[in-house]
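>>> Predicted model and sequence follow; I will ask about them next.
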Amino acid sequence: MNIVSKCVLSIALLSAAALAGKSVVAAENERQGILLPSYRIGPFAPNGIGQSDAIIDYVTLLNERDGGLNGTKLFIQECETQYDNERGVECYERYKNLNPVGLSGVLPLSAGIGYALYDRALADKVPIITPGYGRLQGAVGKLFPYEFPIVGNDWEQTTAIMTYIANKAGGFDKLKGQKIGLVYLDSAYGKEPFPVLDEMAKRYGIEWKGYPISAAAMVEQSSTWLQIRRDKPDYVLIWGWGVMTPTAIKQAASTRFPIDRLIGNWWSAAEPDVIPAGEAAKGYVGTTFRMPGTDFDVYKDLEKHVFGPGKGASKAQDRGTVLYNQGLMFAMILTEGMRTAQGKFGNHPVSGDQTRWGLENGNFSEARLKQLGFDGLFAPIKLSCADHAGGGKLRLIQWDGKKWNAISDWLSGTNDFSKPLVQSSAESLAKETGRAPRDCSTGN
């Protein structure tokens with residue numbers, strides 16, 4: 001019986017106990033549930049399955065190897081959302097009282113679901129943890145205490161990509177006249193690079209043009225790429241998701257656009273984005289904040305305690321992929337926030353507000369990542385009350401037809417260019433929504 005099945009059985013037994021007049025709280029006071037709003041069904045399923053399985057596998061590892069978190073056993077409550085915002089909200093409302101202390105945090109695995117939950121989670125004091133996605137203004141923790149867009153946002157990502165392009169050109173002063181195309185999903189997410197590219201145009205003289213792709217046209221982009229062939233940009237950035245990205249890669253190849261000048265953001269640079277494109281994807285460049293592969297110490301423990309004994313939720317072919325390693329990272333960040341919270345509030349199930357404190361006071365340093373077996377899988381980050389992003393970094397990777405290879409060092413997009421944009425935007429949004437800054441000097 002896997003961990004999800006055990007969870008379902010456990011909840012059924014607890015419900016029966018409640019009907020019999022027994023205390024569910026007493027039965028659950030040493031176990032803590034983690035809500036997993038997954039999407040294993042629908043057009044985005046290839047992007048959702050691997051990371052969901054990884055989250056389950058990591059929780060299994062903590063239980064099997066360590067007995068949970070400081071004696072508190074964990075269990076997963078999975079809830080299918082089909083990547084649909086309304087289903088995500090229903091999932092949250094159904095299980096927000098999963099624990100006597102409420103939810104410790106939510107990994108929505110979807111920007112849209114994250115946005116749909118922000119106000120509810122603020123009222124319930126539940127952290128919404130969105131590494132690499134979600135509302136970028138949430139990086140300013142003084143104004144948005146329960147939003148954690150950890151490792152960075154699309155403005156910082158765009159800045160880092162343009163830094164890579166500038167390095168290839170010989171410096172930012174050599175960017176004048178460079179033409180940048182942006183093929184983007186026609187949504188708020190897809191348009192997030194606009195302010196950075198506009199500022200780059202003013203500051204460095206680049207020219208850029210956007211090419212929107214509607215959700216209905218993700219698999220038919222021929223007219224877009226004919227336009228790109230006429231415009232002749234030096235580089236094309238892709239801000240896509242799901243089937244949009246492999247379609248774009250195949251169309252780029254058919255119009256003879258140089259594949260090594262096609263750069264996908266970190267949601268357009270995983271195995272489901274390149275494998276369906278076949279040979280056309282060879283040489284494609286993408287960004288990542290989590291490295292693929294199995295050459296990380298956490299895999300030794302997974303093999304010993306989870307895979308070897310046959311307790312894994314994942315398939316062998318998914319392990320080591322970008323999205324599987326992403327799931328491991330996400331699960332580790334949430335559970336480390338819970339572990340840090342236990343250090344202050346006691347070794348028992350922790351609430352969302354306590355986990356918020358744990359995230360803000362934790363330290364994903366190089367030394368700590370090495371202890372956890374994640375050394376090299378992602379760059380160190382340090383969160384605080386004021387900073388909910390943590391100064392994360394990204395790398396450029398390139399697909400060789402079989403695997404991803406790093407082609408850059410870790411690059412930061414958090415600098416004097418992007419940071420003021422994030423801060424001013426956060427202050428404007430806080431003013432619109434009537435939010436006052438909290439006092440970060442108290443450490444609470």
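Structure's in. What do you need? Residues are numbered from 1 along each chain as shown.
>>> By residue count, which helix of this protein is the longest?
The residue-count maximum for a helix in the chain (DSSP state H) belongs to helix 322-345.
>>> And stretch 295-309, how far out from the chain middle?
Its chain's C-alpha centre and that of stretch 295-309 lie 23 Å apart, by C-alpha atoms, centre = their mean, to the nearest Å.
>>> Tell me the buried residues in the longest helix of the chain?
Using 16 or more other C-beta atoms under 10 Å as the test for burial, helix 322-345 gives 322-342, 345. Quick note: C-beta positions are derived from backbone N, CA and C, even for glycine.
>>> quick one: contacts for Y115?
When contacts are counted by C-beta atoms under 8 Å, 6 or more residues apart in numbering, Y115 touches N85, G134, R135.
>>> Quick one, grab the pLDDT at the first one.
So the one you mean is N85. Model confidence at N85, given as pLDDT, is 94.
>>> Tell me how the chain divides into domains.
3-152+292-382, 154-288+395-414 (automatic domain parsing).
>>> how much space between the residue nearest in space to the middle of the chain and R229?
By C-alpha atoms, centre = their mean, the chain has its centre lying nearest to P131, at 3.6 Å. Computed as C-beta to C-beta, to the nearest Å, the P131 to R229 distance reads 36 Å.
>>> residue ranges for the strands of the stretch 101-250 of the chain, please.
128-129, 147-148, 179-185, 207-213, 235-239 (DSSP state E, counting those that start in this stretch).
>>> buried residues in the fourth one?
Right, strand 207-213. Neighbour counts using 16+ other C-beta under 10 Å place E207, W208, G210, Y211, I213 of strand 207-213 among the buried residues.
>>> Surely K73 is in a strand?
Yes: the assignment for K73 by DSSP: H, G, I helix; E, B strand; the rest coil puts it in a strand.
>>> neighbours around it, how many?
By other C-beta atoms under 10 Å, the residues close to K73 number 15.
>>> now swap in T294 and tell me
T294: 14 surrounding residues under other C-beta under 10 Å.
>>> who touches it in this structure?
By C-beta under 8 Å, 6+ apart, the contact set of T294 is R319, G320.
>>> I'd like the domains of the chain as JSON lines, with distance to E427 appended.
Formatted as JSON lines, those follow (distance: least, C-beta to C-beta, whole Å):
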{"stretch": "domain 3-152+292-382", "distance to E427": "7"}
{"stretch": "domain 154-288+395-414", "distance to E427": "15"}
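>>> Least confident of the ones you listed, on average?
Of all the domains of the chain, mean pLDDT reaches its minimum on domain 3-152+292-382 (a mean of 89).
>>> tell me how far that domain is from the chain's mean position?
12 Å.
>>> what's the distance between Y235 and K209?
12 Å.
>>> what residues are shared contacts of those two?
Common neighbours of Y235 and K209 (C-beta under 8 Å, 6+ apart) are K179, I180, G181.
>>> can you map out the helices along the stretch 101-250 of the chain?
111-124, 154-169, 194-204, 222-231, 244-254 (DSSP state H, counting those that start in this stretch).
>>> So what touches the third one?
Contact partners of helix 194-204, identified using C-beta under 8 Å, 6+ apart, comprise 155, 158-159, 162, 166, 172-173, 175-176, 180, 182, 206-208, 210, 417-418, 421.
>>> in it, what counts as buried?
Neighbour counts using 16+ other C-beta under 10 Å place F194, P195, V196, L197, E199, M200, Y204 of helix 194-204 among the buried residues.
>>> Then the longest one?
Buried residues in helix 154-169, defined by neighbour count with 16+ other C-beta under 10 Å: 154-166.
>>> with these in mind, which one is nearest to A248?
Using C-beta to C-beta, I161 comes nearest to A248 of these, at 15.9 Å.
>>> hang on, the closest one packs against T288?
No: applying C-beta atoms under 8 Å as the test, I161 and T288 come out as separate, 11.7 Å apart.
>>> if we can go back for a sec, so which of the domains of the chain gets nearest A389?
Minimum separation from A389 across the domains of the chain (C-beta to C-beta) falls at domain 3-152+292-382, 3.9 Å.
>>> measure stretch 229-241 end to end?
Using C-alpha to C-alpha, to the nearest Å, the end-to-end distance of stretch 229-241 comes out at 22 Å.
>>> wait, I meant stretch 255-266
Distance between the two ends of stretch 255-266: 24 Å, counting by C-alpha to C-alpha.
>>> Ok, stretch 400-408 next?
15 Å.
>>> and what of stretch 94-104?
For stretch 94-104, the end-to-end distance is 15 Å (C-alpha to C-alpha).
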